[in-house]
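Chemist: Output the structure for:
(one chain, ligands or ions: 1)
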Amino acid sequence: MARPTDTPAWRALQSHYEKIKDLHLRRLFAEDPSRGQKLAAEGAGLYLDYSKNRITAETVGLLLQLAKERGVAERRDAMFRGEKINITEKRAVLHVALRAPKGVEIRVDGKDVVPEVHAVLDKMAQFSNRVRSGEWKGHTGKRIRNVINIGIGGSYLGPEMAYAALRDVSDRAMTFRFVANVDGAAFAEATHDLDPAETLFIISSKTFTTLETMTNAATARRWIVEKLGSDAAVARHFVAVSTNEAEVRKFGIDTANMFGFWDWVGGRYSMDSAIGLSTMIAIGPENYRELLGGFRAMDEHFCTAPLEKNLPVLMGLLTVWYNNFFGAQTIGIMPYSDNLRRFPAYLQQLQMESNGKHVDLDGNHVGVQTGPIIWGEPGTDGQHSFYQLIHQGTKLIPCDLIGFCRPLSALKEHHDLLMSNVFAQAEALAFGKTPEELKAEGSPDFQTPFRVCEGNRPTNVILADKLTPRTLGSLVALYEHNVFTQGAIWDIDSFDQWGVELGKVLAKRIIPELESSSEPDLKHDSSTNALIRRYRRLRSGR
Ligand code: F6P
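Modeler: Residues are numbered from 1 along each chain as shown. You can find the predicted model right below:
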């Protein structure tokens with residue numbers, strides 16, 4: 001495929017950018033009193049107000065033209081058909097099949113995968129009900145009250161984020177914890193106050209070979225066997241979620257207690273596969289089905305809404321607009337929901353592992369900036385920390401502000417305060433404060449330059465009714481397809497992650513050098529050698 005910069009739409013966007021780059025949102029809103037209603041779209045229970053972006057109707061038209069020239073819709077359809085669009089791994093990309101309704105056919109290598117998806121969902125539901133009802137007992141006959149998911153990356157971030165997001169509909173009599181880091185402190189902290197007889201471990205790993213997960217799983221196994229005094233306890237305290245049956249068996253988990261998924265589910269796209277087992281145990285199969293319903297609603301919207309009304313397409317194109325034309329390096333994700341505290345971390349893997357690529361599908365340098373840096377904190381916390389830089393700093397940081405019309409807590413009086421901040425921040429970022437306004441307010445002249453807020457800081461506001469399982473599904477799918485749209489524009493493989501391999505390989509080489517009792521013959525660069533020697537010398541206190 002041609003480089004994005006070689007397309008007519010890109011060239012037109014470039015000269016359009018030169019014309020409108022200094023246009024202020026104050027002027028755009030003044031010139032069109034209905035802008036706030038016009039530049040908004042709705043789908044799958046989510047309302048997207050994108051009017052406070054530095055765009056005109058012409059910008060939107062050109063971005064949509066770019067989407068057409070880059071074949072976003074065609075690539076989307078190829079994904080939904082099960083074509084192997086992950087070309088570097090020769091794999092289909094079918095997280096959308098995880099929420100396909102029974103009866104829909106999606107084929108990979110000629111085989112309909114939807115019946116298998118539902119067979120796993122049914123097995124998960126049966127198991128979840130047994131754990132939740134107390135029918136599934138631990139080795140000593142006690143019921144399970146604690147669930148610890150051991151996994152990392154996509155086998156951790158989704159489950160942890162979803163549990164935090166949906167904790168108000170979770171079984172409050174149970175404790176859910178998530179261990180990812182190979183730092184022993186993570187395992188020790190997660191287990192220090194738990195009764196092993198009441199604790200179930202879910203070992204979640206697509207490959208079942210990931211160093212961190214396998215190390216923590218082995219520690220968990222020792223913890224259970226030592227505390228409960230028998231190898232037989234493993235059968236009642238461990239289940240596995242994986243695509244690798246042989247490794248699960250080798251670890252000692254009966255494959256009857258294994259929940260499978262498939263190579264066509266990428267790790268960062270797997271929170272609604274069996275990787276969601278901890279989520280289902282927490283919220284119950286009914287709520288889990290609602291979550292899947294939300295995903296599916298956004299899938300349908302992505303497939304059927306015209307591009308100009310298509311939420312993920314619009315958001316993906318706006319990302320390209322700031323990333324490639326304004327040179328913005330980052331996007332801030334600010335959920336105004338304490339339950340979505342881990343949503344930015346979840347989106348970091350989803351977006352940065354997907355679109356942090358430097359070559360296109362032909363293996364040529366992509367020639368433009370690709371995936372932006374994703375970061376964020378919940379509002380209002382961030383306002384008292386880093387928002388200052390967004391308001392008055394020298395960097396352009398487009399932000400997504402996510403809010404809900406109805407609260408989760410009974411403390412309803414808090415909610416108007418919370419939501420007033422969503423609207424106020426978007427307003428302040430867009431319109432700022434002029435010297436004239438400051439003067440009229442009686443601000444002393446000497447303070448004026450320091451108090452001026454230039455405004456023209458873009459935001460998307462995403463508004464939903466309430467943070468329910470269904471809303472969460474729609475929200476996650478919105479970002480999945482937003483990431484997809486960006487990847488299609490840049491013509492990159494959003495579904496591989498070769499960049500993370502090198503560090504893993506080097507760590508494997510260094511492990512024996514740290515563990516060896518005799519001085520190892522180090523053959524790294526002088527910096528790495530010196531660091532290893534220093535560590536070996538100083539670690540004796542361990
Ligand atoms: O860090 C790379 C990665 O492969 C992620 O893509 C993945 O989600 C994570 O490691 C965990 O992999 P696994 O589920 O195979 O343990």
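Chemist: For the rest of this, base every contact and every neighbour count on C-alpha atoms.
Modeler: Noted.
Chemist: And stretch 256-263, how far out from the chain middle?
Modeler: 22 Å (Cα atoms, centre = their mean, to the nearest Å).
Chemist: What's the end-to-end length of that stretch?
Modeler: Counting by Cα to Cα, to the nearest Å, you get 20 Å between the two ends of stretch 256-263.
Chemist: for stretch 505-525, same thing?
Modeler: Taking Cα to Cα, stretch 505-525 runs 16 Å from one end to the other.
Chemist: Repeat that for stretch 14-27.
Modeler: Terminal residues of stretch 14-27 lie 21 Å apart, using Cα to Cα.
Chemist: how many neighbours does the closest residue to the ligand within the stretch 301-450 of the chain have?
Modeler: Here the stretch 301-450 of the chain gets closest to the ligand at one residue, residue 353, 7.2 Å apart by Cα to the nearest ligand atom. Using other Cα atoms under 10 Å, residue 353 has 20 neighbouring residues.
Chemist: Around the ligand, which positions in the stretch 51-200 of the chain sit nearby?
Modeler: 152, 153, 154, 155 (Cα under 6 Å from any ligand atom).
Chemist: surely the last one meets residue 265?
Modeler: No: contact status for residue 155 versus residue 265: not in contact, 11.5 Å apart, counting by Cα atoms under 8 Å.
Chemist: The residues of the stretch 51-200 of the chain next to the ligand: which two are farthest apart?
Modeler: The most widely separated members of those are 152 and 154, with 6.2 Å between them, by Cα to Cα.
Chemist: gap between residue 148 and the ligand?
Modeler: 15 Å (Cα to the nearest ligand atom, to the nearest Å).
Chemist: Adjacent strands (with direction) for the helix or strand harbouring that residue?
Modeler: Under the criterion of DSSP states H and E, residue 148 resides in strand 146-150. Applying DSSP bridges to the sheet, strand 146-150 is found paired with strand 175-179 (parallel), strand 199-204 (parallel).
Chemist: now, of the ones you listed, which is deepest in the fold?
Modeler: Per residue and on average, the most neighbours among the strands paired with strand 146-150 fall to strand 199-204, with a mean of 26 (mean count of other Cα atoms under 10 Å).
Chemist: tell me which parts of the chain are close to the ligand?
Modeler: For the chain, the contact set with the ligand under Cα under 6 Å from any ligand atom comprises 152, 153, 154, 155, 205, 206, 207, 208, 210, 267, 268, 500.
Chemist: ok, now with 5 Å
Modeler: Within the chain, the residues that sit near the ligand (Cα under 5 Å from any ligand atom) are 152, 153, 154, 155, 205, 206, 207, 210, 267.
Chemist: pLDDT value on residue 283, please?
Modeler: The predicted structure scores residue 283 at 98 on the pLDDT scale.
Chemist: Ends of stretch 263-275, what's the gap?
Modeler: Distance across stretch 263-275, first residue to last, is 13 Å (Cα to Cα).
Chemist: what's the answer for stretch 123-143, then?
Modeler: Using Cα to Cα, one end of stretch 123-143 lies 20 Å from the other.
Chemist: so how far is that stretch off the chain centroid?
Modeler: 30 Å.
Chemist: how about it: buried residues?
Modeler: For stretch 123-143, the neighbour count (16 or more other Cα atoms under 10 Å) marks 123-125, 127-132, 136-139, 143 as buried.
Chemist: So what's the residue count around whichever residue of the stretch 51-200 of the chain sits closest to the ligand?
Modeler: Residue nearest to the ligand within the stretch 51-200 of the chain (Cα to the nearest ligand atom): residue 154, separated by 3.4 Å. For residue 154, the count of nearby residues is 21 (other Cα under 10 Å).
Chemist: thinking it is in contact with residue 270, fair?
Modeler: Yes: using Cα under 8 Å, residue 154 is in contact with residue 270, at 6.5 Å.
Chemist: Hmm, residue 14 is touching residue 324, no?
Modeler: No: the criterion here is Cα under 8 Å, and residue 14 misses it with residue 324 at 9.3 Å.
Chemist: okay, these two: which has more neighbours?
Modeler: More neighbours surround residue 324 than the other of residue 14 and residue 324, with 19 against 16 (other Cα under 10 Å).
Chemist: Can you tell me the element the nearest residue to that one once chain neighbours are set aside falls in?
Modeler: Among residues not flanking residue 324 along the chain, residue 369 sits closest, at 6.1 Å (Cα to Cα, 6 or more residues apart in numbering). Element membership for residue 369 (DSSP H and E) is empty, with no helix or strand holding it.
Chemist: Please report how far residue 369 lies from residue 238.
Modeler: Distance, residue 369 to residue 238, using Cα to Cα: 44 Å.
Chemist: more crowded one of those two?
Modeler: Using other Cα under 10 Å, the more surrounded residue of residue 369 and residue 238 is residue 238, with 24 against 17.
Chemist: OK, contacts around that one?
Modeler: 200, 201, 202, 203, 253, 257 (Cα atoms under 8 Å, 6 or more residues apart in numbering).
Chemist: Columns pLDDT on top of those, output as a markdown table?
Modeler: What follows is the contacts of residue 238, written out as a markdown table (pLDDT from 0 to 100):
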| residue | pLDDT |
| --- | --- |
| 200 | 98 |
| 201 | 98 |
| 202 | 98 |
| 203 | 98 |
| 253 | 95 |
| 257 | 97 |
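Chemist: Of these, which is the nearest to the ligand?
Modeler: The ligand lies nearest to residue 203 out of the contacts of residue 238, by Cα to the nearest ligand atom, at 9.2 Å.
Chemist: Tell me who's in contact with that closest one.
Modeler: 149, 150, 151, 213, 217, 238, 239, 240, 241.
Chemist: at 6 Å instead, please
Modeler: 150, 240 (Cα atoms under 6 Å, 6 or more residues apart in numbering).
Chemist: Give me the distance between it and residue 149.
Modeler: Taking Cα to Cα, one finds residue 203 at 6 Å from residue 149.
Chemist: can you tell me the helix or strand for the residue nearest to residue 169 when sequence neighbours are not counted?
Modeler: Leaving aside its sequence neighbours, residue 169 sits nearest to residue 283 (Cα to Cα, 6+ apart; 5.7 Å). Using DSSP H and E, residue 283 sits in helix 277-304.
Chemist: mind listing what's buried in that helix?
Modeler: Neighbour-count burial for helix 277-304, with 16+ other Cα under 10 Å as criterion, is recorded at 277-285, 287-299, 301-302.
Chemist: Need the contact partners of stretch 47-55.
Modeler: The contact list for stretch 47-55, computed with Cα under 6 Å, 6+ apart, reads 36, 39, 40, 41, 458, 459, 460, 461, 462, 463.
Chemist: Just among the residues of the chain next to the ligand, which is most surrounded?
Modeler: Result: residue 155 is most packed of these (other Cα under 10 Å), 28 neighbours.
Chemist: So which residues of the protein form strands?
Modeler: 40-43, 46-49, 107-108, 111-112, 146-150, 175-179, 199-204, 238-242, 258-260, 330-335, 373-375, 399-404, 459-464 (DSSP state E).
Chemist: neighbouring strands for the second one, and are they parallel or not?
Modeler: Applying DSSP bridges to the sheet, strand 46-49 is found paired with strand 40-43 (antiparallel), strand 459-464 (antiparallel).
Chemist: which residues of the chain score low on pLDDT?
Modeler: Scanning the chain for pLDDT under 70 picks out 541-542.
Chemist: Kindly recompute the last result at 90.
Modeler: Counting by pLDDT under 90, the chain has low-confidence residues at 540-542.
Chemist: What residues does the residue nearest to residue 476 when sequence neighbours are not counted make contact with?
Modeler: In space, and not counting its chain neighbours, residue 476 is closest to residue 295: 7.2 Å by Cα to Cα, 6+ apart. Taking Cα under 6 Å, 6+ apart as the criterion, residue 295 is in contact with 473, 474, 477.
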